[in-house]
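1. Take this sequence and fold it.
(chains A, B, C and D)
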Amino acid sequence: MEFTLSDEQVLFQESVESFTAKQYDADKRRALSESEDGFSRAHWAHFAELGWLGLGIEEAHGGLGGTALDMAVLMEGFGRALVLEPYLSSMVMGGGALELAASEKQKSALLPALGGGALLLAFAFAEPRARYDLAKVATIAEKCGGGYLLRGHKSVVLHAASADKIIVSARTAGGVGDKAGISLFLLERAAPGVNLQSYPTVDGGRAAEVVLDEAVVTEYDLLGQEGQAHAIIEAVIDRAIIAVCAEAIGIMQTLIEMTRAYLDNRKQFGIPIGKFQVLQHQLVDMYMAHELSKALTYRAAAAIASAESAARARAVSAAKVQIGKAGSLVGQQAIQLHGGMGMTDELPLGQYFKRLTMIETLFGNTDHHRRRFAALPET
Amino acid sequence: MEFTLSDEQVLFQESVESFTAKQYDADKRRALSESEDGFSRAHWAHFAELGWLGLGIEEAHGGLGGTALDMAVLMEGFGRALVLEPYLSSMVMGGGALELAASEKQKSALLPALGGGALLLAFAFAEPRARYDLAKVATIAEKCGGGYLLRGHKSVVLHAASADKIIVSARTAGGVGDKAGISLFLLERAAPGVNLQSYPTVDGGRAAEVVLDEAVVTEYDLLGQEGQAHAIIEAVIDRAIIAVCAEAIGIMQTLIEMTRAYLDNRKQFGIPIGKFQVLQHQLVDMYMAHELSKALTYRAAAAIASAESAARARAVSAAKVQIGKAGSLVGQQAIQLHGGMGMTDELPLGQYFKRLTMIETLFGNTDHHRRRFAALPET
Amino acid sequence: MEITLSSADAAFQSDVRSFIEAALPGDIKSKVELGQHLEKDDYVRWHKILHTKGWAAPAWPVEYGGTDWTPLQRHLFEEELARASTPRLMPFGLSMVAPVIMAFGDAAQKQHFLPRILSCEDWWCQGYSEPGAGSDLASLTTKAVPDGTDYIVSGAKTWTTLAQYADMIFCLVRTSSEGKPQTGISFLLIDMHSPGITVRPIRTMDGGYEVNDVFFDEVRVPQANRVGEENKGWTYAKFLLGHERTGIAAIGRSKQELRQLKVIAAAEAAGDGSLAEDGAFAGKMADLEIDILALESLVLKIVADEAAGRTPGAEASILKIRGTEIQQRLSELALEAIGYYANPYIAEAQEAGWNEPPVGPEYAATVAPHYFNWRKASIYGGTNEIQKNIIAKMVLGL
Amino acid sequence: MEITLSSADAAFQSDVRSFIEAALPGDIKSKVELGQHLEKDDYVRWHKILHTKGWAAPAWPVEYGGTDWTPLQRHLFEEELARASTPRLMPFGLSMVAPVIMAFGDAAQKQHFLPRILSCEDWWCQGYSEPGAGSDLASLTTKAVPDGTDYIVSGAKTWTTLAQYADMIFCLVRTSSEGKPQTGISFLLIDMHSPGITVRPIRTMDGGYEVNDVFFDEVRVPQANRVGEENKGWTYAKFLLGHERTGIAAIGRSKQELRQLKVIAAAEAAGDGSLAEDGAFAGKMADLEIDILALESLVLKIVADEAAGRTPGAEASILKIRGTEIQQRLSELALEAIGYYANPYIAEAQEAGWNEPPVGPEYAATVAPHYFNWRKASIYGGTNEIQKNIIAKMVLGL
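-> Prediction:
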């Protein structure tokens, strides 16, 4: 029963909402989204001050500790306002990889800066022909002197261009598809041989193709044991999934509130369209999908700390499937119920819909996670 | 464009409906269904007089010829009234197998009696562990003297107990799952070694488990070439699929009419429940599903004569998938829209629902035919 | 995704599991597992076993014979009951009329009826729906006319579950035709053995006799059997509806049926392996399992809210809608799994003690009737459409 | 399941196919195939090529420059156009306003407008919806006040597709506020170059500018441009809606997009093979293909009914609902197919002539915008909910 919020978490939730309510109206968000980074470094510094960047970082390294539930609360709040800052890529994925794989020395060197807002990370794990298979790593790390030479193409690396360092998966042994032989490296974004083709994303963020053309890393840039990174990557991605599921919960709630208000205010044939039974039931379906998604996501967030990786994976994949189906229903219906207004870029509605749609494409879609869930034994 | 009905077919359709309207009210049908055969031999004789049993039998053998479209028209009419007589098992499957596999001599001996109503056939092709795979024949036909010895278990053989002869698939070569090596035999139902466990079916019909314990057939009882029956069976089952799809079209239409009338007549909160928008849209969904199913089924009926078996199979599987999805929607919604009344055995509604539900289980369900469709090349 | 339990709750769960395992008669367990028809005696026997243990009505206040279990423990208890294939405890007495009597009944009613409900001395049924009224409950016409210290009750109720077994029925009856339809309704407790009552079983399309018409022909009922005030019955009925809580989601039953579905899928051949290994079917089972997990999560959240003193709102309607959708889907997938063997209908095979050789696998005999029977789930107790109307109004304010 | 054709129809189909292959400019074809934005000139060039061949308006009567093709031939023609990746022929002139002018216009209107529509000399747009009116068309408030031989038109229209290209707009305007809202509406043809007209593009969420607000500030319109009688415009508008027929199902386009989806699925890696070999995805594509076949069968049935002189009923609403559901589903599966490469949004990559290296596969660039853009399909032209209301009323009589 640990997946209901404590009083502290409820307070935390309120503080997140109060920040975003002030800073994230539609116009401000649009302006940020069109800026070069696609987000605000001032906000980022403010997040650090508020301690949000210390979540999930051990106290020994200047963080605040905290659980996956805390992270989910934060991401849900971010979803409510479509926050653009790279919390997912830098903290959940980058910070998560450090927590799980870095040596104490690496942690001491990096975590304080990360938690303090001075260091931004990106996590480059996907590849063009891999689809959602985390073992399909074709990027090669060839041993060379005291270090490695990296060659390959990492695709759709979120917020790569604004990151100071990129954590890259590359193969030190085995063939494409093998779980063994994958390693993680800490790479300077600005190092020679690291070529970024950066672009905006559909949902107003930033990503890049990262092409590694004999990029050099030293043996000290290896994160964790050589060849053993697959389990680390899987654990990081499972956290990222909980993060985007929680974000989707926030997005869906906002979409439902917007739609409810629209049904109340919009009149046709002389009455508010919310009086039409078919539209009422559509909103009820959205509401139900959201309630169920929220309950399951928070339960999965609580399960993520589970020692057993199969139990964690089952919980995470169940949440992603639920969110995938609910997100498609809630997003599409929100647009439909807004009629023509739903199609315009003038309402923030479309931005929420687009972000929700993109969450389905990240870290494995519904089909992928349904299959993963079905293949895992019940615990 | 050959799949719209000719004027003659429209007349034929009317004559079928006029017969069933007289003979098949709910009480009469129930009485028939509870009789020993589960149908009326008097009706069967009448069908013969009307020439309905001559459909699909060549004129040379006393039949009337006709196309799969004619058969579909008849089956749709039968579906409208839930006709119990064994047209599907005896004529479509039994007669179909004779047409496709029997020698001229066999045809001369059997078809006149079949078309005249004096001979009833059953078609025993399914087996307990085969699911919907027509090649999974484990029943063995062992050569023995001038004939064969049959051993095995054929499952859910429709109307076996009332049939005079049963056409049985059995393996003369190869292993379970091989397409080659399957043969068809004409077996006396009352022959030694043919053991029937007969039972009623959920939809008011009859079927039997047929256990063959050294049943003897002669070489003259072989239908078609030894070991070559798989393609014949597939063609027969494809016709049977069109037949049950057409029957389902008739059933759905009746369910929709019943539901429409109920929505009109039933009042709640002071108005006919047909005024509630949600219920209206549910009926619209049913109506649309039926219209689309009907168009596709008749098109598939026209395609069944296609020389190319892949084209035939694609058309047939498409229709079965469409009918499977539409049938589930129409049947379930018809019950739901009738509320408590939908659950009683007092209305004929439930009988229609049950028959429609069973059609999904026959000859391969939606999943089976979706997969078959997807595996076939586009023509 | 097991529920993570405190050690006290884990010990509780283990106690409950052991007790049930030891106490449930084997013949009853076998009937439930095979989906065969249960007789009245099966229900009563099991109820009395729980009663002897003090567990017949865990949700009741201790003073009336309930327990002091937490909401989570009550949830775990329900789950264990389902897991062990026990017969349902009939809700009509325990969780429907009893809370009304506790809240609005007088001392004599409490003293007389509650112990008899707890011990299953009286079997109760519910007299709400009427022929022609359906979801529009307030339009009921069964009349109760005062006559001395009695009422004379005339009219008809329908869809009355297991009325053929019942000793008592709680009824909404019309005591006044003035004002809005809701204002002239009273709540009566009627002895089913009274002269003038006729029960007519309704055969449902699955072939079973579970629901009934109940006719009242000038039935004499003491006014002392009226709960609360005359013409205030609608209030008590609404209280009753609002009182149904998390049990309506039937999570425990659904998890048990999912386990059974997996057994069937593993036993059925498909392609070169079993149906459980078939991608499409496995995907559907996974979807359903995830649906159950999500609904269970919501139930646990509501249970935790209750424990924290927060009153749940109209979530019961979500639980009803999703719970019944899941139950229907379970029955649909089972039907799909058994293929051709959905067709045989051998009525006797649904009764215990049938000794003929089975047609098809033993588990197949009751699958199709169960599918047909469970179409009721989205209809009875307020159709799912009505439930959505309630959410639209109560929660979304539309 | 190819359509089985008579030899005459097969020859017709082959002629059409050869002509289009030879006549369609390569630059236009490439844009359509890649889903890139088309410019006005692309549409006009293609229209004029067809016009020169005499095929711009096959459905028009021969006297106005149409053809004597059968309904099936017209259907085949549409299908070939889609198959060859041609730009849509804009319907606003050809199949919306032209039939109204033919049926209700006067001689001068016919003589002036119809040839210019046929040759694409005028680009038309539609002025129906108004801000705040949506599906409740009859509540429109754009006013036309008589002034000598003119009207003075003031008000606003919205969701006007490609108004930025238009030379003419056909408008519903209010000429009377008496009686029911429907009775005071007239049907006007307005020159888009008139003083007082302002077009404001509306950016849609896919990033495109396809629809517009059109503002009328005391725009002077000759009364000679009113079609038919004053205050009878609603009748003409209903005629127009009823006139839209089988084309609305967009079978040809959907079949073409399905082919493209199969190309994408075959190119995308999944597991050890391609996404096209993935059971779950292949199953979804099969479902969609069967949906298209079913809808096509219904279209062919309606076409045959028309050829036999039977007037179709409200089937157009079925075609609209299913057609748009299919189009949306196609765009959804394409989105699913491209995985992570749905995320990059490079506006310039949607324009022809963009020379940067592509991000991800070339086919991916326009997939997400297309998905977003096609959410409109179930909204514009009467939402699918409104279409179901129409079927409920007109066909089912509820």
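
2. Distance from the chain centre to the helix or strand harbouring C:T160, please.
-> Assigned by DSSP states H and E, C:T160 belongs to strand C:150-161. Relative to the chain's own centre, strand C:150-161 is displaced by 21 Å; criterion: Cα atoms, centre = their mean, to the nearest Å.

3. ok, it: who's next to it in the sheet?
-> Here strand C:150-161 has these sheet partners by DSSP bridges: strand C:143-147 (antiparallel), strand C:211-222 (antiparallel).

4. What average pLDDT does the shortest one get?
-> I take that to be strand C:143-147. For strand C:143-147, mean pLDDT is 97.

5. for that strand, which positions count as buried?
-> Residues of strand C:143-147 classed as buried by neighbour count (16 or more other Cβ atoms under 10 Å in any protein chain shown): C:K143, C:A144. C-beta coordinates here come from the backbone N, C-alpha and C atoms, glycine included.

6. for stretch C:94-104, same thing?
-> Under the neighbour-count criterion of 16+ other Cβ under 10 Å, stretch C:94-104 has C:L94, C:S95, C:M96, C:V97, C:A98, C:P99, C:V100, C:I101, C:M102, C:F104 buried.

7. same thing with stretch C:124-142?
-> Along stretch C:124-142, these residues count as buried under the neighbour rule (16+ other Cβ under 10 Å): C:124-130, C:133-140, C:142.

8. and which of those is nearest to chain B?
-> Nearest to chain B, judged by Cβ to the nearest Cβ, of the buried residues of stretch C:124-142 is C:D136 at 4.1 Å.

9. OK, contacts around the closest one?
-> B:Q268, B:F269 (Cβ atoms under 8 Å, 6 or more residues apart in numbering or on different chains).

10. That one and A:E226: what is the separation?
-> Noted for C:D136: a distance of 72 Å to A:E226, by Cβ to Cβ, to the nearest Å.

11. Likewise for C:I28?
-> Distance from C:I28 to A:E226, by Cβ to Cβ: 60 Å.

12. Spit out the contact partners of the residue nearest the centre of chain C.
-> The geometric centre of chain C, computed from its C-alpha atoms, lies nearest to C:P91 (Cα atoms, centre = their mean), at 5.5 Å. Residues near C:P91 by Cβ under 8 Å, 6+ apart: C:G247.

13. any idea how far stretch A:76-90 is from the chain center?
-> Relative to the mean C-alpha coordinate of its chain, stretch A:76-90 is positioned 8 Å out (Cα atoms, centre = their mean).

14. can you tell if it touches chain D?
-> No - judged by Cβ under 8 Å from any Cβ of the partner chain, stretch A:76-90 stays clear of chain D, getting no closer than 12.4 Å.

15. Give me the buried positions along stretch A:230-250.
-> Here stretch A:230-250 shows A:230, A:232-250 as buried, counting by 16+ other Cβ under 10 Å.

16. and those, which of them are in helices?
-> Among the buried residues of stretch A:230-250, the ones falling in helices (DSSP state H) are A:230, A:232-250.

17. same for chain C: which of those residues are within range?
-> On the criterion Cβ under 8 Å from any Cβ, none of the entries of those sits beside chain C.

18. how much space is there between the residue located most distally from the centre of chain A and D:Y64?
-> In chain A, A:G270 marks the outermost C-alpha relative to the chain mean, sitting 43.8 Å out by Cα atoms, centre = their mean. Distance of A:G270 to D:Y64, given as Cβ to Cβ: 41 Å.

19. what about the helix or strand of chain C with the lowest mean pLDDT, distance to the chain center?
-> Every helix and strand in chain C was compared by mean pLDDT, DSSP states H and E; the lowest is helix C:233-243, with a mean of 84. Between the centre of helix C:233-243 and the centre of its chain there are 17 Å (Cα atoms, centre = their mean).

20. what's that helix in contact with?
-> Residues outside helix C:233-243 that contact it (Cβ under 8 Å, 6+ apart): C:95-97, C:99-100, C:103-104, C:128, C:137-138, C:172-173, C:175, C:182-183, C:185-188, C:227-228, C:316, C:382.

21. That helix relative to strand C:143-147, how many degrees between them?
-> Here helix C:233-243 points in a direction 130 degrees away from that of strand C:143-147 (axes from the mean of the first three to the mean of the last three Cα atoms, to 10 degrees).

22. Same drill for C:I28 and A:E226, tell me which one is more crowded.
-> Higher neighbour count among C:I28 and A:E226: C:I28, with 21 against 18, using other Cβ atoms under 10 Å in any protein chain shown.

23. what's downstream of the helix or strand where the more buried one lies, the next helix or strand?
-> Assigned by DSSP H and E, C:I28 falls within helix C:26-34. Next along the chain after helix C:26-34, taking DSSP H and E as the criterion, comes helix C:40-53.

24. what's the closest non-adjacent residue to the closest residue to chain B within the stretch 251-379 of chain A?
-> In the stretch 251-379 of chain A, the residue that lies nearest chain B is A:Q277 (4.3 Å; Cβ to the nearest Cβ). The spatially closest residue to A:Q277, leaving aside those adjacent along the chain, is B:Q277, at 4.3 Å (Cβ to Cβ, 6 or more residues apart in numbering or on different chains).

25. so where do the strands sit in the chain?
-> Just so you know, I chose chain A. Per DSSP state E, chain A carries strands over the ranges A:121-124, A:140-144, A:147-158, A:165-171, A:182-188, A:194-200, A:206-218, A:222-223, A:267-268, A:271-272.

26. Chain C is the one I meant
-> Using DSSP E, the strands assigned to chain C run over residues C:124-127, C:143-147, C:150-161, C:168-174, C:185-191, C:197-202, C:211-222, C:226-227, C:269-270, C:273-274.

27. Mean confidence (pLDDT) on the first one, please.
-> Throughout strand C:124-127, pLDDT has a mean value of 95.

28. Just the CA coordinates for that strand, please, in CSV.
-> Below are the C-alpha coordinates for strand C:124-127, written out as CSV (Å, rounded to 0.1, in the frame of the first residue of the first chain):
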residue,chain,number,x,y,z
TRP,C,124,-32.8,-12.7,1.5
CYS,C,125,-33.6,-11.4,-1.9
GLN,C,126,-34.1,-8.0,-3.4
GLY,C,127,-37.4,-6.6,-4.7
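
29. for C:M102, what are its contacts?
-> Neighbour list for C:M102: C:W60, C:P61, C:Y64, C:K110, C:L114 [criterion: Cβ under 8 Å, 6+ apart].

30. Of those residues, grab the buried ones for PyMOL.
-> Only the buried members of the contacts of C:M102 enter the following PyMOL selection, criterion being 16+ other Cβ under 10 Å:
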select buried, chain C and resi 60+114
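
31. Let's have the contacts of C:M102 in TSV, adding pLDDT and distance to C:P344.
-> Shown next, in TSV, are those (pLDDT from 0 to 100; distance: Cβ to Cβ, whole Å):
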residue	pLDDT	distance to C:P344
C:W60	94	44
C:P61	94	49
C:Y64	96	47
C:K110	97	50
C:L114	97	46
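
32. My read is that C:F187 contacts C:I101, right?
-> No - using Cβ atoms under 8 Å as the test, C:F187 is too far from C:I101 to be in contact (9.7 Å).

33. shared neighbours, those two?
-> Common contacts of C:F187 and C:I101 (Cβ under 8 Å, 6+ apart): C:V227.

34. Burial check on the residue in chain A that chain D sits nearest to, number of neighbours?
-> Going by Cβ to the nearest Cβ, chain D is nearest to A:G350 of chain A, at 3.1 Å. If you count neighbours by other Cβ under 10 Å, A:G350 ends up with 25.
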